[in-house]
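> Mind folding the following:
(one chain, ligands or ions: 1)
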Amino acid sequence: MDIQTQDDFLSSDALMAYVRALAQDIGPRPAGHEGEAQARAYIRRALVEAGLSEVEEMPFSTWDTWGYTMLTPMALALLGNALGRWSRVGQLAGGLLSLLGAYQVLQGVRAGRQPLAPLFPKRQTANLIARLSPARERRQRVVLVGHTDTNKQRVSFAPWSKRFLRSAATLGIATLALNGLAQFAGAVGAGKRAASLRRGSTWGIAALLSVLLYDEVEGYVDGASDNATAVACLLGLGAHLVRYPLRHTEVWLAFTGAEEVGCLGMHKLLDAYGEQLADAWFIDFEMVGTDEIVYVTRHSSLSLLGAYAPDDESLALADETSARHPEIGVSGRPVVIAEEVGSLRGRGYRGLCLVGVGKDGWLANWHRYEDDVEHVEPSGVERAARFALAMLHVLDDR
Ligand SMILES: [Zn+2]
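Below you'll find the predicted structure:
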(Lines give C-alpha, C1' and ligand atoms only; values in the text may rest on other atoms or scores of the structure.)
Protein backbone atom coordinates (compact mmCIF):
# COMPACT_ATOMS: atom_id res chain seq x y z
CA MET A 1 0.00 0.00 0.00
CA ASP A 2 1.16 3.51 -0.73
CA ILE A 3 1.61 5.03 2.68
CA GLN A 4 1.46 8.56 1.32
CA THR A 5 -2.24 8.12 0.58
CA GLN A 6 -3.89 11.13 2.20
CA ASP A 7 -6.59 9.30 4.12
CA ASP A 8 -8.91 11.17 6.41
CA PHE A 9 -7.78 9.47 9.63
CA LEU A 10 -4.45 11.28 9.72
CA SER A 11 -5.48 14.64 8.28
CA SER A 12 -4.75 17.61 10.51
CA ASP A 13 -8.51 18.31 10.69
CA ALA A 14 -9.27 14.83 12.00
CA LEU A 15 -6.42 14.95 14.52
CA MET A 16 -7.28 18.48 15.72
CA ALA A 17 -10.83 17.32 16.55
CA TYR A 18 -9.28 14.97 19.14
CA VAL A 19 -6.96 17.71 20.41
CA ARG A 20 -9.89 20.12 20.92
CA ALA A 21 -12.01 17.50 22.68
CA LEU A 22 -9.22 16.79 25.15
CA ALA A 23 -7.64 20.21 25.72
CA GLN A 24 -10.63 22.51 25.23
CA ASP A 25 -13.76 20.53 26.14
CA ILE A 26 -12.15 18.57 28.99
CA GLY A 27 -9.25 20.94 29.73
CA PRO A 28 -6.55 20.33 32.38
CA ARG A 29 -6.01 16.65 33.19
CA PRO A 30 -3.96 16.37 36.41
CA ALA A 31 -2.80 12.84 37.26
CA GLY A 32 -5.42 11.08 39.37
CA HIS A 33 -8.02 13.86 39.01
CA GLU A 34 -11.42 14.00 37.33
CA GLY A 35 -10.11 15.59 34.11
CA GLU A 36 -7.72 12.70 33.51
CA ALA A 37 -10.55 10.19 34.08
CA GLN A 38 -12.75 12.11 31.61
CA ALA A 39 -9.93 11.95 29.07
CA ARG A 40 -9.79 8.16 29.49
CA ALA A 41 -13.55 7.90 28.96
CA TYR A 42 -13.25 10.02 25.82
CA ILE A 43 -10.34 7.96 24.47
CA ARG A 44 -12.32 4.76 25.05
CA ARG A 45 -15.30 6.15 23.10
CA ALA A 46 -13.04 7.28 20.25
CA LEU A 47 -11.41 3.84 20.09
CA VAL A 48 -14.79 2.09 19.95
CA GLU A 49 -15.85 4.47 17.18
CA ALA A 50 -12.68 3.56 15.30
CA GLY A 51 -13.55 -0.13 15.58
CA LEU A 52 -11.35 -0.98 18.57
CA SER A 53 -13.76 -2.19 21.21
CA GLU A 54 -11.30 -4.30 23.21
CA VAL A 55 -9.60 -1.79 25.45
CA GLU A 56 -7.72 -2.85 28.55
CA GLU A 57 -7.84 -0.57 31.57
CA MET A 58 -4.81 -0.93 33.83
CA PRO A 59 -5.44 0.86 37.15
CA PHE A 60 -2.67 2.03 39.49
CA SER A 61 -2.08 4.65 42.15
CA THR A 62 -0.27 7.94 41.59
CA TRP A 63 0.51 11.29 43.20
CA ASP A 64 -0.68 14.41 41.45
CA THR A 65 2.35 16.71 41.15
CA TRP A 66 6.05 16.14 40.73
CA GLY A 67 6.53 18.58 43.60
CA TYR A 68 6.50 15.56 45.93
CA THR A 69 9.44 14.14 44.01
CA MET A 70 11.55 17.21 44.79
CA LEU A 71 10.08 18.66 47.99
CA THR A 72 10.08 15.42 50.00
CA PRO A 73 13.85 14.79 49.80
CA MET A 74 14.58 18.43 50.70
CA ALA A 75 12.24 18.30 53.71
CA LEU A 76 13.70 14.95 54.83
CA ALA A 77 17.25 16.30 54.59
CA LEU A 78 16.33 19.24 56.84
CA LEU A 79 14.72 16.80 59.28
CA GLY A 80 17.90 14.69 59.16
CA ASN A 81 20.02 17.75 59.94
CA ALA A 82 17.84 18.48 62.95
CA LEU A 83 18.30 14.88 64.15
CA GLY A 84 22.04 15.21 63.64
CA ARG A 85 22.23 17.96 66.24
CA TRP A 86 21.26 15.53 69.00
CA SER A 87 23.41 12.46 68.52
CA ARG A 88 25.87 10.54 66.39
CA VAL A 89 23.14 8.05 65.46
CA GLY A 90 21.05 11.04 64.37
CA GLN A 91 23.93 12.20 62.19
CA LEU A 92 24.24 8.78 60.54
CA ALA A 93 20.47 8.61 59.97
CA GLY A 94 20.44 12.18 58.66
CA GLY A 95 23.33 11.41 56.30
CA LEU A 96 21.51 8.38 54.92
CA LEU A 97 18.29 10.36 54.45
CA SER A 98 20.13 13.09 52.59
CA LEU A 99 21.94 10.69 50.23
CA LEU A 100 18.68 8.84 49.59
CA GLY A 101 17.14 12.25 48.81
CA ALA A 102 19.89 13.02 46.28
CA TYR A 103 19.20 9.70 44.56
CA GLN A 104 15.45 10.38 44.66
CA VAL A 105 15.85 13.73 42.84
CA LEU A 106 18.22 12.18 40.27
CA GLN A 107 15.67 9.44 39.54
CA GLY A 108 12.88 12.02 39.35
CA VAL A 109 14.59 14.15 36.71
CA ARG A 110 15.43 11.19 34.48
CA ALA A 111 12.05 9.37 34.72
CA GLY A 112 13.41 6.45 36.77
CA ARG A 113 11.86 4.60 39.70
CA GLN A 114 11.57 6.81 42.76
CA PRO A 115 12.73 5.38 46.11
CA LEU A 116 10.63 7.79 48.21
CA ALA A 117 7.39 7.09 46.25
CA PRO A 118 5.75 5.21 49.19
CA LEU A 119 5.72 8.49 51.14
CA PHE A 120 3.70 10.53 48.62
CA PRO A 121 -0.14 10.85 49.01
CA LYS A 122 -1.95 8.70 46.43
CA ARG A 123 -4.88 8.91 44.02
CA GLN A 124 -6.23 6.49 41.44
CA THR A 125 -5.37 6.58 37.74
CA ALA A 126 -5.03 4.08 34.87
CA ASN A 127 -3.45 3.27 31.53
CA LEU A 128 -5.59 2.34 28.53
CA ILE A 129 -4.20 -0.24 26.12
CA ALA A 130 -5.63 -1.17 22.71
CA ARG A 131 -4.06 -3.81 20.47
CA LEU A 132 -4.10 -4.09 16.67
CA SER A 133 -3.30 -7.49 15.17
CA PRO A 134 -1.37 -7.82 11.91
CA ALA A 135 -3.05 -9.34 8.84
CA ARG A 136 -0.59 -12.26 8.76
CA GLU A 137 1.63 -13.89 11.36
CA ARG A 138 3.24 -11.59 13.90
CA ARG A 139 6.96 -10.96 13.60
CA GLN A 140 7.26 -7.90 15.85
CA ARG A 141 5.44 -5.58 18.19
CA VAL A 142 5.39 -1.80 18.27
CA VAL A 143 4.01 0.19 21.20
CA LEU A 144 2.86 3.73 20.39
CA VAL A 145 2.83 5.84 23.55
CA GLY A 146 1.02 9.06 24.44
CA HIS A 147 0.26 10.27 27.97
CA THR A 148 -3.18 11.55 28.99
CA ASP A 149 -2.27 13.80 31.96
CA THR A 150 -1.09 17.43 32.10
CA ASN A 151 1.38 19.35 34.24
CA LYS A 152 1.10 22.73 36.03
CA GLN A 153 2.13 26.14 34.84
CA ARG A 154 5.59 26.43 36.38
CA VAL A 155 7.78 29.45 37.04
CA SER A 156 10.77 27.15 36.48
CA PHE A 157 9.68 26.79 32.83
CA ALA A 158 9.18 30.54 32.17
CA PRO A 159 11.09 31.90 29.15
CA TRP A 160 13.61 33.65 31.44
CA SER A 161 14.16 30.76 33.85
CA LYS A 162 14.05 27.57 31.80
CA ARG A 163 17.71 27.75 30.80
CA PHE A 164 18.66 27.51 34.50
CA LEU A 165 16.40 24.51 35.09
CA ARG A 166 18.98 21.76 34.63
CA SER A 167 21.73 23.56 36.57
CA ALA A 168 19.31 24.23 39.44
CA ALA A 169 18.27 20.56 39.59
CA THR A 170 21.93 19.51 39.49
CA LEU A 171 22.72 21.96 42.28
CA GLY A 172 19.89 20.39 44.31
CA ILE A 173 21.28 16.88 43.83
CA ALA A 174 24.83 18.01 44.66
CA THR A 175 23.70 19.95 47.76
CA LEU A 176 21.79 16.94 49.11
CA ALA A 177 24.74 14.62 48.46
CA LEU A 178 27.22 17.04 50.06
CA ASN A 179 24.92 17.53 53.04
CA GLY A 180 24.74 13.76 53.52
CA LEU A 181 28.53 13.43 53.37
CA ALA A 182 28.93 16.29 55.87
CA GLN A 183 26.63 14.43 58.26
CA PHE A 184 28.72 11.27 57.96
CA ALA A 185 31.92 13.26 58.44
CA GLY A 186 30.40 14.77 61.59
CA ALA A 187 29.49 11.30 62.87
CA VAL A 188 33.08 10.04 62.56
CA GLY A 189 34.37 13.09 64.40
CA ALA A 190 35.50 15.41 61.60
CA GLY A 191 34.16 18.19 63.82
CA LYS A 192 34.25 21.83 62.79
CA ARG A 193 34.63 21.63 59.01
CA ALA A 194 31.77 19.15 58.70
CA ALA A 195 29.61 21.37 60.91
CA SER A 196 30.19 24.49 58.81
CA LEU A 197 29.65 22.55 55.58
CA ARG A 198 26.37 21.24 57.01
CA ARG A 199 25.28 24.73 58.04
CA GLY A 200 25.93 25.93 54.49
CA SER A 201 24.06 23.07 52.88
CA THR A 202 21.15 23.52 55.33
CA TRP A 203 20.69 27.08 54.07
CA GLY A 204 21.05 25.87 50.48
CA ILE A 205 18.40 23.21 50.94
CA ALA A 206 16.05 25.65 52.67
CA ALA A 207 16.45 28.08 49.75
CA LEU A 208 15.76 25.35 47.17
CA LEU A 209 12.76 24.19 49.18
CA SER A 210 11.18 27.66 49.02
CA VAL A 211 11.79 27.92 45.26
CA LEU A 212 10.18 24.50 44.80
CA LEU A 213 7.17 25.52 46.90
CA TYR A 214 6.77 28.66 44.78
CA ASP A 215 6.92 26.45 41.67
CA GLU A 216 3.78 24.63 42.89
CA VAL A 217 1.39 27.57 43.32
CA GLU A 218 -0.04 27.85 39.79
CA GLY A 219 -2.84 25.80 38.21
CA TYR A 220 -2.75 22.90 35.77
CA VAL A 221 -2.47 23.66 32.03
CA ASP A 222 -4.73 22.62 29.13
CA GLY A 223 -1.92 20.53 27.68
CA ALA A 224 -3.05 20.93 24.07
CA SER A 225 0.40 20.14 22.72
CA ASP A 226 1.50 18.30 25.91
CA ASN A 227 0.05 15.83 25.32
CA ALA A 228 -3.37 15.96 23.61
CA THR A 229 -1.48 16.00 20.29
CA ALA A 230 0.08 12.64 21.17
CA VAL A 231 -3.24 11.08 22.12
CA ALA A 232 -4.67 12.44 18.85
CA CYS A 233 -1.87 10.78 16.84
CA LEU A 234 -2.51 7.44 18.58
CA LEU A 235 -6.26 7.66 17.93
CA GLY A 236 -5.73 8.61 14.27
CA LEU A 237 -3.19 5.83 13.75
CA GLY A 238 -5.51 3.35 15.47
CA ALA A 239 -8.38 4.24 13.13
CA HIS A 240 -6.03 4.03 10.14
CA LEU A 241 -4.59 0.64 11.11
CA VAL A 242 -8.06 -0.86 11.66
CA ARG A 243 -8.78 -0.11 7.97
CA TYR A 244 -5.27 -0.83 6.66
CA PRO A 245 -3.64 -3.39 8.94
CA LEU A 246 0.10 -4.06 8.79
CA ARG A 247 1.21 -7.48 7.60
CA HIS A 248 3.55 -8.69 10.33
CA THR A 249 3.55 -5.99 12.98
CA GLU A 250 1.27 -5.99 16.02
CA VAL A 251 0.66 -2.45 17.27
CA TRP A 252 -0.27 -1.50 20.83
CA LEU A 253 -1.70 1.92 21.58
CA ALA A 254 -0.62 2.83 25.12
CA PHE A 255 -2.43 5.83 26.61
CA THR A 256 -0.42 6.26 29.78
CA GLY A 257 -1.57 7.99 32.96
CA ALA A 258 0.58 10.02 35.37
CA GLU A 259 3.52 10.75 33.07
CA GLU A 260 4.04 14.29 34.33
CA VAL A 261 4.64 13.18 37.91
CA GLY A 262 7.32 10.60 37.08
CA CYS A 263 6.26 8.41 34.12
CA LEU A 264 4.30 6.12 36.42
CA GLY A 265 2.06 4.79 33.62
CA MET A 266 5.05 3.55 31.63
CA HIS A 267 6.52 1.85 34.71
CA LYS A 268 3.14 0.21 35.34
CA LEU A 269 2.98 -1.03 31.72
CA LEU A 270 6.47 -2.54 32.02
CA ASP A 271 5.66 -4.10 35.40
CA ALA A 272 2.62 -5.81 33.85
CA TYR A 273 3.89 -6.72 30.36
CA GLY A 274 7.65 -6.34 30.58
CA GLU A 275 8.35 -9.88 29.38
CA GLN A 276 6.00 -9.68 26.39
CA LEU A 277 7.46 -6.32 25.45
CA ALA A 278 11.13 -7.25 25.86
CA ASP A 279 11.71 -7.10 22.09
CA ALA A 280 9.07 -4.49 21.30
CA TRP A 281 9.72 -1.17 19.61
CA PHE A 282 8.41 1.86 21.53
CA ILE A 283 7.59 5.17 19.84
CA ASP A 284 6.68 7.90 22.32
CA PHE A 285 4.86 11.02 21.12
CA GLU A 286 5.55 14.21 23.10
CA MET A 287 4.18 17.68 22.36
CA VAL A 288 3.97 17.26 18.59
CA GLY A 289 2.03 20.52 18.17
CA THR A 290 4.72 22.65 16.51
CA ASP A 291 5.91 23.27 12.97
CA GLU A 292 9.22 21.45 13.51
CA ILE A 293 8.85 17.75 14.32
CA VAL A 294 12.00 15.76 15.19
CA TYR A 295 13.01 12.43 16.66
CA VAL A 296 15.22 12.85 19.70
CA THR A 297 18.80 11.60 19.27
CA ARG A 298 19.81 12.51 22.84
CA HIS A 299 17.59 13.43 25.81
CA SER A 300 19.20 15.87 28.25
CA SER A 301 16.98 14.86 31.20
CA LEU A 302 16.14 17.70 33.59
CA SER A 303 19.56 17.76 35.26
CA LEU A 304 23.13 17.78 33.94
CA LEU A 305 23.66 14.22 35.22
CA GLY A 306 20.96 11.97 33.81
CA ALA A 307 21.17 12.24 29.97
CA TYR A 308 19.88 9.24 28.00
CA ALA A 309 19.54 8.23 24.35
CA PRO A 310 17.35 6.02 22.16
CA ASP A 311 18.67 2.54 21.32
CA ASP A 312 20.73 2.19 18.13
CA GLU A 313 18.15 0.06 16.32
CA SER A 314 15.30 2.54 16.86
CA LEU A 315 17.55 5.39 15.82
CA ALA A 316 18.55 3.50 12.65
CA LEU A 317 14.87 2.85 11.89
CA ALA A 318 14.09 6.57 12.28
CA ASP A 319 17.10 7.57 10.14
CA GLU A 320 16.05 5.14 7.41
CA THR A 321 12.45 6.42 7.51
CA SER A 322 13.64 10.03 7.37
CA ALA A 323 15.86 9.27 4.35
CA ARG A 324 13.10 7.38 2.53
CA HIS A 325 10.43 9.99 3.28
CA PRO A 326 11.99 13.45 2.93
CA GLU A 327 8.52 14.79 2.04
CA ILE A 328 7.37 14.34 5.67
CA GLY A 329 10.22 16.58 6.82
CA VAL A 330 11.17 14.90 10.13
CA SER A 331 14.81 14.53 11.16
CA GLY A 332 16.83 13.77 14.29
CA ARG A 333 18.37 16.14 16.85
CA PRO A 334 19.23 16.33 20.57
CA VAL A 335 16.55 17.97 22.75
CA VAL A 336 16.22 19.25 26.33
CA ILE A 337 13.59 16.81 27.55
CA ALA A 338 12.81 14.03 30.01
CA GLU A 339 9.98 11.60 29.28
CA GLU A 340 8.97 7.96 29.05
CA VAL A 341 11.90 6.88 26.86
CA GLY A 342 13.97 7.60 30.01
CA SER A 343 11.95 4.97 31.92
CA LEU A 344 12.25 2.53 29.00
CA ARG A 345 15.99 2.92 28.47
CA GLY A 346 16.66 2.84 32.23
CA ARG A 347 15.01 -0.60 32.33
CA GLY A 348 16.75 -1.95 29.21
CA TYR A 349 13.96 -1.55 26.64
CA ARG A 350 14.03 0.03 23.19
CA GLY A 351 12.62 3.55 22.87
CA LEU A 352 12.46 6.57 20.59
CA CYS A 353 10.65 9.88 21.07
CA LEU A 354 8.95 12.07 18.45
CA VAL A 355 8.67 15.65 19.62
CA GLY A 356 7.81 19.15 18.38
CA VAL A 357 10.34 21.92 19.03
CA GLY A 358 9.60 25.63 19.05
CA LYS A 359 11.45 28.46 17.30
CA ASP A 360 14.02 28.75 20.13
CA GLY A 361 14.82 25.03 19.99
CA TRP A 362 12.97 24.27 23.24
CA LEU A 363 9.68 22.39 23.61
CA ALA A 364 7.05 25.06 22.87
CA ASN A 365 5.01 26.49 25.77
CA TRP A 366 6.24 23.65 27.96
CA HIS A 367 4.34 23.64 31.28
CA ARG A 368 2.86 27.09 30.59
CA TYR A 369 -0.76 28.27 30.30
CA GLU A 370 0.02 29.13 26.64
CA ASP A 371 -0.03 25.39 25.90
CA ASP A 372 -3.61 25.72 24.59
CA VAL A 373 -5.38 24.82 21.35
CA GLU A 374 -4.64 28.22 19.76
CA HIS A 375 -0.89 27.57 20.00
CA VAL A 376 -0.96 24.14 18.34
CA GLU A 377 0.32 23.91 14.75
CA PRO A 378 -2.08 21.38 13.10
CA SER A 379 0.29 20.44 10.26
CA GLY A 380 2.93 19.35 12.80
CA VAL A 381 0.51 16.91 14.45
CA GLU A 382 -0.28 15.38 11.08
CA ARG A 383 3.39 15.04 10.11
CA ALA A 384 4.23 13.37 13.42
CA ALA A 385 1.47 10.80 12.84
CA ARG A 386 2.55 10.23 9.22
CA PHE A 387 6.19 9.81 10.22
CA ALA A 388 5.26 7.19 12.81
CA LEU A 389 3.13 5.39 10.21
CA ALA A 390 6.07 5.49 7.79
CA MET A 391 8.31 3.98 10.50
CA LEU A 392 5.74 1.21 11.01
CA HIS A 393 5.78 0.45 7.29
CA VAL A 394 9.57 0.45 7.02
CA LEU A 395 9.65 -2.04 9.89
CA ASP A 396 6.77 -4.11 8.50
CA ASP A 397 8.43 -4.37 5.07
CA ARG A 398 11.70 -5.75 6.43
ZN1 LIG B 1 4.39 15.46 28.10
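> Can you list the buried residues in stretch 387-398?
Residues of stretch 387-398 classed as buried: 387-396 (neighbour count, 16 or more other C-beta atoms under 10 Å). Every residue, glycine included, has its C-beta placed from N, CA and C.
> Check which residues of stretch 66-82 are buried.
Under 16+ other C-beta under 10 Å, the buried positions of stretch 66-82 are 66-78, 80-81.
> Name the residues of the protein found near the ion, please.
By C-beta under 5 Å from the ion, the residues of the chain that approach the ion are 226-227.
> Walking through the chain, point out its helices one by one.
12-20, 34-49, 67-84, 88-109, 165-187, 191-214, 229-243, 264-273, 312-324, 340-346, 378-396 (DSSP state H).
> contact partners of the third one?
What that stands for is helix 67-84. For helix 67-84, the surrounding residues in contact (C-beta atoms under 8 Å, 6 or more residues apart in numbering) are 90-91, 93-98, 100-102, 104-105, 108, 114, 116, 119-121, 172, 176, 179-180, 183, 186-187, 198, 202, 205-206, 208-209, 212-213, 215-216, 261-262.
> Distance-wise, check the nearest residue to Gly172 once chain neighbours are set aside relative to the ion.
In space, Gly172 comes closest to Leu208 once its chain neighbours are excluded; the distance is 5.2 Å by C-beta to C-beta, 6 or more residues apart in numbering. Distance from Leu208 to the ion, counting by C-beta to the ion, to the nearest Å: 24 Å.
> Then Arg110?
Counting by C-beta to the ion, the gap from Arg110 to the ion is 15 Å.
> quick one: that residue and Gly306 touch, right?
Yes: using C-beta atoms under 8 Å, Arg110 makes contact with Gly306 at a distance of 3.2 Å.
> which neighbours do these two share?
With contacts taken as C-beta under 8 Å, 6+ apart, the residues that reach both Arg110 and Gly306 are 338, 342.
> Any idea which residue is closest to the centre of the chain?
Among the residues of the chain, the one closest to the centroid is Glu339, at 2.8 Å (C-alpha atoms, centre = their mean).
> ok, now which ones touch that one?
Contacts of Glu339 by C-beta under 8 Å, 6+ apart are 111, 259, 263, 284, 286, 299, 353.
> any low-confidence regions in the stretch 1-150 of the chain?
1-7 (pLDDT under 70).
> Residue of it nearest the ion, please.
Of all residues in the stretch 1-150 of the chain, the one sitting closest to the ion is His147 (5.6 Å; C-beta to the ion).
> On the strand side of things, show who that residue bridges to.
Thr256 (DSSP bridges).
> State the number of residues packed around the nearest residue to Leu116 once chain neighbours are set aside.
Nearest residue to Leu116, sequence neighbours excluded (C-beta to C-beta, 6+ apart): Gln104, at 4.6 Å. Look at Gln104: counted by other C-beta atoms under 10 Å, it has 24 neighbours.
> Surely Arg347 touches Met266?
No: taking C-beta under 8 Å as the definition, Arg347 is not a contact partner of Met266, at 9.1 Å.
> Neighbour count: these two, which is higher?
Neighbour comparison, Arg347 and Met266: the larger count goes to Met266, with 30 against 15 (by other C-beta under 10 Å).
> what comes into contact with stretch 107-114?
Residues from elsewhere that reach stretch 107-114, judged by C-beta under 8 Å, 6+ apart: 66, 69-70, 104, 106, 115, 169, 173, 262-263, 266-267, 301-303, 305-306, 308, 338-343, 346.
> and that stretch, which residues are buried?
107-112, 114.
> Equivalent analysis for stretch 188-200, please.
For stretch 188-200, the buried set under the neighbour-count rule, 16+ other C-beta under 10 Å, comprises 194, 197-198.
> Quick one: these as JSON lines, columns for distance to Phe164 and pLDDT too.
Shown next, in JSON lines, are the buried residues of stretch 188-200 (distance: C-beta to C-beta, whole Å; pLDDT from 0 to 100):
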{"residue": "Ala194", "distance to Phe164": "29", "pLDDT": "78"}
{"residue": "Leu197", "distance to Phe164": "24", "pLDDT": "84"}
{"residue": "Arg198", "distance to Phe164": "25", "pLDDT": "83"}
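> any idea how far Gln104 is from Glu49?
42 Å (C-beta to C-beta, to the nearest Å).
> So what's the residue count around the closest residue to Tyr42 other than its chain neighbours?
Take Tyr42 and drop its neighbours on the chain: the residue closest to it by C-beta to C-beta, 6+ apart is Ala21, 5.9 Å away. If you count neighbours by other C-beta under 10 Å, Ala21 ends up with 20.
> shift numbering so it begins at 692
In the new numbering, first residue 692, that becomes Ala712.
> Gly891 versus Ala712, what's the distance?
Distance, Ala712 to Gly891, by C-beta to C-beta: 52 Å.
> ok, what's across the strand from His990?
Beta-bridge partners, per DSSP bridges, of His990: Tyr999, Val1026.
> Go ahead and confirm it touches Gly1042.
No: contact criterion C-beta under 8 Å: His990 and Gly1042 do not qualify, at 9.6 Å.
> Give the residues shared as contacts by these two.
Val1032.
> which one of those two has more residues nearby?
Gly1042 (28 against 25).
> sorry, back to before: which residues are in contact with the residue nearest to Leu807?
760, 763-764, 805-807.
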